[in-house]
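Engineer: Build the 3D model from these lines:
(2 chains)
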Amino acid sequence: MASSRQLGGTLEDHLAAFRRGAVELIDERELEKRVRQALADDQPMRIKFGMDPSSPDLHLGHAIPLFKLRDLQALGHHIVLIVGDATAMVGDPSGRSKLRPVLTREQVAANLETYTNQAALVLDLERTEIVRNASWFDGMGFEGILQLTTRMTVAQMIERDTFQERLGAGEPVGINEFLYPLMQGWDSVEVRADVELGGTDQLFNLLVGRRLQEQDSQRPQVIVTTPLVNGLDGRKMSKSYGNAVGLTASAREMTFDLMRLDDESMGVWFLQLTRLPEEQIAELLEGHPRLAKARLAAEISGCFHGAEAAAAAAEAFNREVRDKQLPADIPEVHWDPAFGSTRALANLLKDVGLVQTTSEGRRAVDQGGVRWNAEVQKDPRCEMPEPNEPVLIQVGKKRFTRLLPAAPAES
RNA sequence: GGGGAGGUUCCCGAGCGGUCAAAGGGGUCAGACUGUAAAUCUGAUGGCUCAGCCUUCACAGGUUCGAAUCCUGUUCUCCCCA
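Structural biologist: Presented below is the predicted three-dimensional model:
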């Protein structure tokens, strides 16, 4: 009976799901063979994906493989999500031009929960097997680790481009970093992965998985790499560059951020972060970039927050940014007698929370970026009177606060 | 173990006794332009009770009227030799 089958879709459906937006498939023929077999036996493939809880938040870049996993999950495959609590302590050298600080167990544990919660925004965790790799590494002991290190030579290890670069530039490479690819590879052996997904920067680690599986008489996993998307400013997306869109961002944040994306990146984002058919994407890209981008924002923020919230955010964007209207909700602050010893505008801006420091406030005013009830103020030392009526204070284009008269004394 | 080179402001990187809150670039912020961008142009970019003052140049001491710059020790990184 068809209804009892675990796998849905045709061979082509499966291959298309694996292929969409993939940078590399190692290797394609092997994949096809295994998919055929899986379909014939109605045996879901074990698809591995690892996330290191090394930073507290996931961003849209991380969502790319998650979307692919979701597609595969929908076709009936078995997803094994590895939470790399052991590997996180080592620190992945992938794409790193710097020695990574070693995380403590506490830091890792703190990130762990937020990670799975955020993955759940894309994946159906009910149907996902989640394992922590500390569950096998912790019990491995010195001997086990030592065994693992005998599986590769230094020459093989330093073939890796990031190591090459750092060694060439006279930058430090930690010995612990050599452990990382071995550990990630070992994960594949432990979970008997048929396929592993990862970003293009993971290629080396993924290949180590194949090597270790072969050494342990397992069929080497098929590798699917997904591209790393650039952040909003064109550099690699990263929290520390401040160019990332977080998975937990509100519909408004997502929409506003996505509209800042440069035109050139739209194609990749459409392909990777929406499930629109490729022909439709091509069509959108033919049209006006603004409309295409609006659609992109609607798709992505709709995926996380629902069409309604996405539409509201889009509307807010049009109103506030395109038509330069005031935002719908402006933070309000009551005049407080405790506001600085001086009421000078620069100080007030800080007291009210619009800027971090008085100096920043001073600069903003000097540069003509501060409006007091729509009037540009030029003197940072000008003493502003306690308002009798709400006053709209604006710093730059995006920061607003409404200053209200002092709140009535509490009784 | 021996020898050499280094650790500079958010990042990269100049500075090598005063003229240094410290060149230049990146980022960021503000302004102009725009399609919402991107690119480009302009300016700003330690803090403060701001024509002055205070805190920064790995850390701790020292020399000097005066140190990011010199000396000593500590610590971290890289390179070469063993």
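
Engineer: what's the closest non-adjacent residue to the residue of the stretch 251-400 of chain A found nearest RNA strand B?
Structural biologist: Nearest residue of the stretch 251-400 of chain A to RNA strand B: A:G396, at 2.1 Å (Cβ to the nearest atom of the strand). Where you see a C-beta, it was placed from the backbone N, CA and C, and this is true even at glycine. Closest residue in space to A:G396, ignoring its immediate chain neighbours: A:G369 at 4.9 Å, by Cβ to Cβ, 6 or more residues apart in numbering.

Engineer: how close does that neighbour get to A:T116?
Structural biologist: According to Cβ to Cβ, to the nearest Å, A:G369 stands 42 Å off from A:T116.

Engineer: Quick one: low-confidence residue ranges for chain A.
Structural biologist: A:1-3, A:95-102, A:233-235, A:239-242, A:340-342, A:409-411 (pLDDT under 70).

Engineer: okay, now the domains of it?
Structural biologist: Listed domain ranges for chain A are A:2-228, A:251-322, A:332-404 (source: automatic domain parsing).

Engineer: Rebuild those as JSON lines, extending it with mean neighbour count.
Structural biologist: Output for these, formatted as JSON lines (neighbours: other Cβ atoms under 10 Å):
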{"stretch": "domain A:2-228", "mean neighbour count": "18"}
{"stretch": "domain A:251-322", "mean neighbour count": "17"}
{"stretch": "domain A:332-404", "mean neighbour count": "16"}
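
Engineer: Tell me which of those lies nearest to A:K236.
Structural biologist: Among the domains of chain A, domain A:2-228 comes nearest to A:K236, with 6.1 Å by Cβ to Cβ.

Engineer: Just checking that closest one against RNA strand B, any contact.
Structural biologist: Yes: counting by Cβ under 7 Å from any atom of the strand, RNA strand B has neighbours in domain A:2-228: A:L167, A:G170, A:E171, A:P172, A:V173.

Engineer: Does A:I79 touch A:E129 like I think?
Structural biologist: Yes: assessed by Cβ atoms under 8 Å, A:I79 is found in contact with A:E129 at 6.8 Å.

Engineer: Serialize the domains of chain A to CSV and add fields for distance to A:N243.
Structural biologist: Below are the domains of chain A laid out as CSV (distance: least, Cβ to Cβ, whole Å):
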stretch, distance to A:N243
domain A:2-228, 9
domain A:251-322, 9
domain A:332-404, 16
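
Engineer: circling back: from A:T401, how far off is the residue nearest to A:G396?
Structural biologist: With Cβ to Cβ as the criterion, A:G369 and A:T401 are 14 Å apart.

Engineer: center of chain A - which residue?
Structural biologist: A:H59 (1.7 Å; Cα atoms, centre = their mean).

Engineer: Checking the residue lying closest to that residue once chain neighbours are set aside next. Helix, strand or coil?
Structural biologist: Once flanking residues are discounted, A:H59 sits nearest to A:A244: 3.8 Å by Cβ to Cβ, 6+ apart. Recorded secondary structure, A:A244: coil (DSSP: H, G, I helix; E, B strand; the rest coil).
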